[in-house]
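Visitor: Give me coordinates for this.
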Amino acid sequence: MIVVVRKFYLIWICLLPLLVKADDVKISLSVSATRISMQDYLQVQYLIENTTRVSSFIPPKFKQFQIVEGPNQTTGYNMVNGNLKEYVSFSYLLRPGKAGKWVIPAAIARVEGKNYTSNAVEVVVSKGAVAAPSEESMVAAEELILKPGEQAVNKIRNNLFVRLDVDRTAVMVGEPIVATYKLYTRLRSESRVTERPSFNGFSVYDMVNPDQMEATKEQFQGREYNVYLLRKVQLYPLQAGTFELESLEVTNDIRFISASALDGGYVPSELLRELALGLNNSSGIVTESVALKNPPVSVVVKALPPAEDSSASGAVGHFTIRSFIDAPEVHKGDVVNLEVQVAGRGNFPMIPVPKVNWPSGIDVFEANSTDQVNKFVAPLSGSKLFSIPFTVNKEGPLDIPPVEFVYYDVDARKYVNAKSEPLSIQILAARPSAIKPPVLQEAKPANAWKYILTILALILVGGGIYILLKRSSGPVKVVQPIQEPVVVKDEIARPKDPLEEIRTAFDRKDVHGFYRQLNLVIDQCMMNKYKVDGTGAWEDQLLAKGVDTSMIMEIKQLKQDAEIAMYTPFIQESKMVEDLARIERVIC
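Guide: So this is what the prediction gives:
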């Protein structure tokens, strides 16, 4: 399964650009404002969506504007309604050269041999100030000014904070909890996540691109904030009890305008421009750094009711099951697969190999499984496919009874025994062997005596030559070998730290090297500590050896992080801290 998952991620990334049809490609123009003054700056962005295969970009001529900065190119991915969208953007910072009503022209992007043209936008540039700002804008501007005697810490506390929202605080084992971490701000700041929650006791699935930091507007306690999504996950509790969803820490560099600077003759519009552009050209800008955390949230996890069927594994959700043979015809002695697919929604990682009541005359081998689930919806939705190899030792009809799978239905609040349809196949005669085995012939006694006599003759001749040479030579001088100095080595060699190369990559901030070594160490540790071999699903081997399910889910999460980091562009260095602590805690 380890190889299957790795190939799945690699194929997914390689085919990602091909999954977007050329007809879905579009280019659009957006501006920061449609009415500005001669003293203002205009931000212009050309966004090319659903592709990154832009062979050329032809910008327009901004005749009535001066280019202050640009073009700045950005390439990335956005998650929209659970679908992954590619984009390329080209942005400019413009300053008007003349008052009037001007058109920001369209641009042309060439994608896979086809030209796409954006829209155009009309902008009005006035000589004086633009229309008076709204009351909300006045309040927002007021928050940017640090008045004499005013403490920056208090101003930050009232206008910048982190919140954790959960969709529920009481669930059963295996039911998902959707946890959303958000940053609310009314200030100008640069923010970065410096500490992530570990979510011990849960199986974790991220529901959004961790690099997606698009701002939205939200009302909170009667005030409007710019809100940034920091992290959104669905958590599957592995055991009953009361758990605390930990805080997420964000370090912020907040910039204010000093009131003394306004009294000292600085032009307010210039100071606001510095804030907007992230400049720090004057002493009128004051920067404060602060680390913020959200209050933790407690959730209560109840145990599942006892199941009458001993095959119940802890799978929770709503599922269907079907089975089929992966070969059009089966001969005696063939190795074929019984494919069992469990589909629906729920905690797929806890679904074990379904129970099969095999008839006699069948040899069954270790099963493999692959997951195809959508982790961007809660609960997880998709399917899990089990491939169970087997061989039949006799000809004739073969009846495989229904495959059974017991799970807890969260809607009906009871255990359900899902069954597939029975299968009936005809086992044909064994296939004719393509290569006949070689026939071994016994050596004849006469030939054997010839070999023996030849060997004895060679021995006698060699012995005679040796005696003659020894008699004709003088005494042989014995040369004493030079004694090499003996190096006494430590009787006990220091064992190599299995995490040494991981820590080295961590110190160098080599994300790909870190996760490449992480993946190798996980496999080595499972083989050495838990005696997991390369046959079959490693999760099933750990379960068979009595390893706790919470440990299995921790290992699975580590392997998922390693696979994603190695084969997708979604990489964050801050997550290395969490995974380094996790592998030290649960594996080595």
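Visitor: Compute the number of surrounding residues for the closest residue to Lys332 other than its chain neighbours.
Guide: In this structure, Lys332 finds its nearest non-sequential neighbour in Ala430, 4.2 Å apart by C-beta to C-beta, 6 or more residues apart in numbering. Every C-beta, even on glycine, is put in place using the N, C-alpha and C of the backbone. The burial count assigned to Ala430 is 12, neighbours taken as other C-beta atoms under 10 Å.
Visitor: What strand or helix carries Ile555?
Guide: Take DSSP states H and E as the rule and Ile555 turns out to sit in helix 549-567.
Visitor: so after whichever strand or helix holds Ile459, what's the next helix or strand?
Guide: Applying DSSP H and E as the criterion places Ile459 in helix 445-472. Downstream of helix 445-472, the next assigned helix or strand under DSSP H and E is helix 500-507.
Visitor: Show me the strands in the stretch 251-400 of the chain, by range?
Guide: Remark: strands assigned in the stretch 251-400 of the chain by DSSP state E, counting those that start in this stretch are 285-293, 297-302, 316-325, 330-331, 335-346, 362-364, 368-374, 381-392, 396-400.
Visitor: what's in contact with the shortest one?
Guide: Contacts to strand 330-331, defined as C-beta atoms under 8 Å, 6 or more residues apart in numbering, come from residues 336, 392, 398, 425-431.
Visitor: Reformat those as CSV; add distance to Ile321 and pLDDT.
Guide: Formatted as CSV, the contacts of strand 330-331 follow (distance: C-beta to C-beta, whole Å; pLDDT from 0 to 100):
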residue, distance to Ile321, pLDDT
Val336, 19, 91
Val392, 23, 91
Leu398, 20, 91
Ile425, 19, 90
Gln426, 24, 92
Ile427, 24, 91
Leu428, 28, 93
Ala429, 32, 91
Ala430, 32, 89
Arg431, 31, 86
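Visitor: Pick the one among those residues closest to Phe161.
Guide: Of all these, Val336 has the smallest distance to Phe161: 59.7 Å, by C-beta to C-beta.
Visitor: contacting residues for the nearest residue to that closest one once chain neighbours are set aside?
Guide: In space, and not counting its chain neighbours, Val336 is closest to Ala327: 4.5 Å by C-beta to C-beta, 6+ apart. Shown in contact with Ala327 (C-beta under 8 Å, 6+ apart): 334, 336-337.
Visitor: For stretch 409-422, give the mean pLDDT please.
Guide: The average of the pLDDT scores along stretch 409-422 is 91.
Visitor: Residues in contact with that stretch: which ones?
Guide: Contacts for stretch 409-422 (C-beta under 8 Å, 6+ apart): 172, 175, 305, 307-309, 312, 316-323, 340, 342, 346, 399-408.
Visitor: Might you quantify the distance of it from its chain's geometric centre?
Guide: Chain-centre distance of stretch 409-422: 31 Å, with C-alpha atoms, centre = their mean, to the nearest Å.
Visitor: now the helices for the stretch 101-250 of the chain?
Guide: 135-143, 152-159 (DSSP state H, counting those that start in this stretch).
Visitor: Counting by contacts, list what the last one packs against.
Guide: Just to be clear, that refers to helix 152-159. strand 249-258, strand 285-293 (3 or more C-beta pairs under 8 Å, 6 or more residues apart in numbering; DSSP states H and E).
Visitor: Let me see the contact set for the residue nearest to Asp399 when sequence neighbours are not counted.
Guide: Of all residues not flanking Asp399 in the chain, Ser424 sits nearest, at 5.3 Å (C-beta to C-beta, 6+ apart). By C-beta under 8 Å, 6+ apart, Ser424 lies in contact with 397-400.
Visitor: Can you tell me how far Lys559 is from Trp538?
Guide: Counting by C-beta to C-beta, to the nearest Å, the separation of Lys559 from Trp538 is 9 Å.
Visitor: if we can go back for a sec, from the contacts of Ala327, which single one is nearest Glu224?
Guide: So of the contacts of Ala327, ranked by how close each gets to Glu224 (C-beta to C-beta), first place is Asn337, at 57.9 Å.
Visitor: domains of this protein?
Guide: What automatic domain parsing lists as the domains of the chain is 21-131, 140-302, 316-428, 500-586.
Visitor: show me the contacts for Gly70.
Guide: Counting by C-beta under 8 Å, 6+ apart, Gly70 makes contact with 44, 90-93.
Visitor: By neighbour count, which of these wins?
Guide: Val44 (24 neighbours).
Visitor: Not counting sequence-adjacent ones, nearest residue to Leu423?
Guide: Ile400 (4.3 Å).
Visitor: For that neighbour, give its distance to Ser383.
Guide: For Ile400 relative to Ser383 (C-beta to C-beta), the value is 20 Å.
Visitor: And Val532, by the same measure?
Guide: Distance of Val532 to Ser383, given as C-beta to C-beta: 25 Å.
Visitor: Verify the contact between Lys556 and Leu543 for me.
Guide: No - Lys556 is beyond contact range of Leu543, at 11.8 Å (criterion: C-beta atoms under 8 Å).
Visitor: In contact with the residue lying closest to Leu580 once chain neighbours are set aside, which residues?
Guide: Leaving aside its sequence neighbours, Leu580 sits nearest to Phe506 (C-beta to C-beta, 6+ apart; 5.8 Å). Counting by C-beta under 8 Å, 6+ apart, Phe506 makes contact with 514, 576, 580.
Visitor: Check what pLDDT Phe506 gets.
Guide: Looking at Phe506, its pLDDT is 81.
Visitor: I'd like the average pLDDT over stretch 229-247.
Guide: For stretch 229-247, mean pLDDT rounds to 92.
Visitor: Tabulate the domains of the chain (JSON lines), appending distance to Ile459.
Guide: Formatted as JSON lines, the domains of the chain follow (distance: least, C-beta to C-beta, whole Å):
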{"stretch": "domain 21-131", "distance to Ile459": "78"}
{"stretch": "domain 140-302", "distance to Ile459": "74"}
{"stretch": "domain 316-428", "distance to Ile459": "51"}
{"stretch": "domain 500-586", "distance to Ile459": "49"}
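Visitor: What residues of the helix or strand following the helix holding Ile555 count as buried?
Guide: Moving toward the C-terminus from helix 549-567, the next helix or strand (DSSP H and E) is helix 574-586. For helix 574-586, the neighbour count (16 or more other C-beta atoms under 10 Å) marks 575-576, 578-580, 582-583, 586 as buried.
Visitor: Provide the contact partners of helix 574-586 at residue level.
Guide: For helix 574-586, using C-beta under 8 Å, 6+ apart, the contacting residues are 192-196, 198, 210, 499, 502-503, 506, 511, 514-515, 518, 521-522, 551, 554-555, 557-558, 561-562, 565.
Visitor: Would you mind measuring from Trp538 to Asn368?
Guide: When Trp538 is compared with Asn368 (using C-beta to C-beta), they lie 10 Å apart.
Visitor: Tell me the spacing between Lys127 and Arg35.
Guide: Counting by C-beta to C-beta - Lys127 and Arg35 are separated by 13 Å.
Visitor: just Tyr116 next, same as before
Guide: Distance from Tyr116 to Arg35, by C-beta to C-beta: 28 Å.
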